[in-house]
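Participant: here you go, sequence then predicted model.
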Amino acid sequence: MDSILQLEPALVWKHFSDICSIPHPSKHEEAILAHLILFAQSHNLSYKQDSIGNICILKSASPGFENRETVCLQAHVDMVPQKNSHITHNFITDPILPYISGNVVKARNTTLGADNGIGLAAILAVLEATDIPHGPIEALFTVDEETGMSGAKNLEHTFLTAKYLINTDTEEKNEITIGCAGGLDANFEWNISRTPAPDDYISCTITISGLHGGHSGFEIHLGRANANILAIEMWNLLQKHIPIHVCAIEGGNMRNAIPRESKLIIAIPKRKKQECTNLLSHYISKTKQSHISSDPHCSIDITYADSCPEIIEQELSQYILQALVQCPNGVISFEDITRGIVRTSTNLSIINTRHNKLEVNCLLRSFDTKEKCELAKNMEKIFSSHKASCVFIGDYPGWKPQWGSPFVQLVSKVSTSVYGYEPHIHAVHAGLECGIFLGIFPEMSCISFGPNISNPHSPDEQVEIESVGQFWQVLIGVLQAIPVKE
Ligand SMILES: [Zn+2]
């Protein structure tokens, strides 16, 4: 067997094969959207498209299921374009070439787009099939999930009427996602002025590197060191013992990552060099010891130079330090401590000293919008009382898990019957489209499940063949079990 067209369920793989043949990286979804419109037209299904590109295709209930609640089946149409460096591949013009490798389907040297192409294919299969019992369906295809979820964010509240929404973007079989965190970017900024360092001062550069880092949502509770926090701790330690001045602090470069590297440049009196080294050495050995399992490759280097860059004005640098010391970081509260599910967190992601500004970026996440707002207010109070200007942007709502809700029970029952064991029901501490949907359609009940996809967003992306069939069985099982309208 060499073609994915020979795999079962045939209709799902046929649609997935079509999807692979149409280029659809994020921000270049025109061709796949045109394909969906053509599909709706050729199957006499009504559809609508909004101004950002999202499409909703409607299918009426099969005979005997007209009295069921409406269900929205949802997938994002874009994929992450990643390839191995030794090949040429134009994601805007070239098709993805899927092939079977043992028990999985992969692509030749590129991402496969099983994320979320299998979900998309399964929904098209439901729309096309004539032998699957289901109530009224609204099939929602969103654009640009992978680079900011702008499709979901721009949905009009009149675009859907469904009571239930099934998102197909979960990447572990027999796993049911029932919650996700909302987010908020907090940006703090000081205007700084600089003066030359006093005559007898030398510079000391402290460079932190080799930390584990990781995703600031999924991995925030793992106790990994934050390079910016280490730099702040050393600044705070030194200024208690030595009359230091700060020249610059720089660390982190991605708003959603735990920073792995940070650099602090200070000015110290030349005569205090040994004391400085002693204080730092003690701190470094203590820190390495306490992070030996989370960050085994932690490296902190100290270098001295006779010439000294300009220093940040002393009074202001004290305000900056105090705000940074007080800035909350890491896990704020747990939703479920035994399952390691974080409810609210914040990550001190980026610190930048530019020409005349010092900027700090934190990314706050929470399942609970109220708790996230309280955290934001607390941080605003800390930074504004230390002379920083505060801007909060990019607010998006969370999806608070309803662990025992009737919809969760329904899907979990179907999933158990397909897989033969109980599903893993969980909530993720990161943003998903469902969180955005619930902000727009607060009355909706959402759930997410999908097939087994490994290494998404990389050229090693693969989908387990058997799990596609199981995902399909759960999907049509849930459609059949959707309750009668109230
Ligand atoms: Zn996805």
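Facilitator: Yep, that arrived.
Participant: so Asn329 makes contact with Ile232?
Facilitator: No. The pair Asn329 / Ile232 is not scored as a contact, 9.3 Å apart, by CB atoms under 8 Å. C-beta coordinates here come from the backbone N, C-alpha and C atoms, glycine included.
Participant: which one of the two has more residues nearby?
Facilitator: Ile232 (24 against 18; other CB atoms under 10 Å).
Participant: helix, strand or coil for the more buried one?
Facilitator: helix (DSSP: H, G, I helix; E, B strand; the rest coil).
Participant: contact partners for it?
Facilitator: Counting by CB atoms under 8 Å, 6 or more residues apart in numbering, Ile232 makes contact with 249, 321, 324-325.
Participant: which of those residues are buried?
Facilitator: 249, 321, 324 (16 or more other CB atoms under 10 Å).
Participant: burial count for the nearest residue to Ile393 once chain neighbours are set aside?
Facilitator: Spatial nearest neighbour of Ile393, excluding adjacent residues (CB to CB, 6 or more residues apart in numbering): Asp185 at 5.0 Å. Residues within reach of Asp185, counting by other CB under 10 Å, total 17.
Participant: the helix or strand hosting Asp185 pairs with which strands?
Facilitator: Following DSSP states H and E, one finds Asp185 within strand 182-191. Strand pairing for strand 182-191, determined by DSSP bridges: strand 357-366 (antiparallel), strand 389-396 (antiparallel).
Participant: contact partners of the helix or strand that that strand is followed by?
Facilitator: Following strand 182-191 in sequence order, the next helix or strand is strand 194-195 (DSSP H and E). With contact meaning CB under 8 Å, 6+ apart, strand 194-195 is reached by 310-313, 356.
Participant: now swap in stretch 60-74 and tell me
Facilitator: So stretch 60-74 is contacted by 119, 123, 126, 132-142, 160-168, 433, 437, 444, 475, 479, 482-486 (CB under 8 Å, 6+ apart).
Participant: repeat that for stretch 291-300.
Facilitator: Taking CB under 8 Å, 6+ apart as the rule, stretch 291-300 contacts 206-212, 222-225, 230, 280, 284, 287-288.
Participant: and the buried ones among the contacts of Ile232, which of them are in helices?
Facilitator: The members of the buried ones among the contacts of Ile232 that map onto helices under DSSP state H are 321, 324.
Participant: and the buried ones among the contacts of Ile232, which is closest to Lys272?
Facilitator: Nearest to Lys272, judged by CB to CB, of the buried ones among the contacts of Ile232 is Leu321 at 18.0 Å.
Participant: surely the closest one touches Met234?
Facilitator: No. The criterion here is CB under 8 Å, and Leu321 misses it with Met234 at 11.1 Å.
Participant: mind listing the shared neighbours of the two?
Facilitator: Counting by CB under 8 Å, 6+ apart, nothing touches both Leu321 and Met234.
Participant: dump the residue contacts of Asn90.
Facilitator: Pro23.
Participant: okay, it: pLDDT?
Facilitator: As predicted, Asn90 sits at a pLDDT of 96.
Participant: for Ala10, same thing?
Facilitator: For Ala10, pLDDT reads 97.
Participant: break down this structure into its helices, ranges please.
Facilitator: 10-21, 30-42, 114-128, 150-153, 227-241, 273-290, 314-326, 369-384, 406-419, 433-440, 465-481.
Participant: neighbours around whatever residue of the stretch 351-486 of the chain ends up closest to the ion, how many?
Facilitator: The ion sits closest to Pro456 of the stretch 351-486 of the chain, with a gap of 6.8 Å, by CB to the ion. Neighbour count for Pro456, taken as other CB under 10 Å: 21.
Participant: in contact with the nearest residue to it once chain neighbours are set aside, which residues?
Facilitator: Nearest non-adjacent residue to Pro456, counting by CB to CB, 6+ apart: Asp115, 4.2 Å away. Neighbour list for Asp115: 79-80, 169, 171, 453, 456-457, 461 [criterion: CB under 8 Å, 6+ apart].
Participant: follow-up on the earlier one: buried ones in the strand holding Asp185?
Facilitator: 182-190.
Participant: in JSON lines: the residues you listed, plus distance to Thr70.
Facilitator: Formatted as JSON lines, the buried residues of strand 182-191 follow (distance: CB to CB, whole Å):
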{"residue": "Gly182", "distance to Thr70": "26"}
{"residue": "Gly183", "distance to Thr70": "29"}
{"residue": "Leu184", "distance to Thr70": "32"}
{"residue": "Asp185", "distance to Thr70": "35"}
{"residue": "Ala186", "distance to Thr70": "38"}
{"residue": "Asn187", "distance to Thr70": "41"}
{"residue": "Phe188", "distance to Thr70": "45"}
{"residue": "Glu189", "distance to Thr70": "47"}
{"residue": "Trp190", "distance to Thr70": "52"}
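Participant: flag every residue of the chain that's near the ion.
Facilitator: 115-116, 169 (CB under 5 Å from the ion).
Participant: now, which of those residues sits nearest Gly217?
Facilitator: Asp169 (15.2 Å).
Participant: buried among the contacts of strand 194-195? Make that a PyMOL selection.
Facilitator: The buried residues among the contacts of strand 194-195 can be selected in PyMOL (16+ other CB under 10 Å) with this line:
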select buried, resi 311+312
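Participant: so what's Val342 closest to, chain neighbours aside?
Facilitator: The shortest distance from Val342 to any non-neighbouring residue, by CB to CB, 6+ apart, is to His429 (4.5 Å).
Participant: count of neighbours near Tyr421?
Facilitator: That count, for Tyr421 with other CB under 10 Å as the rule, works out to 8.
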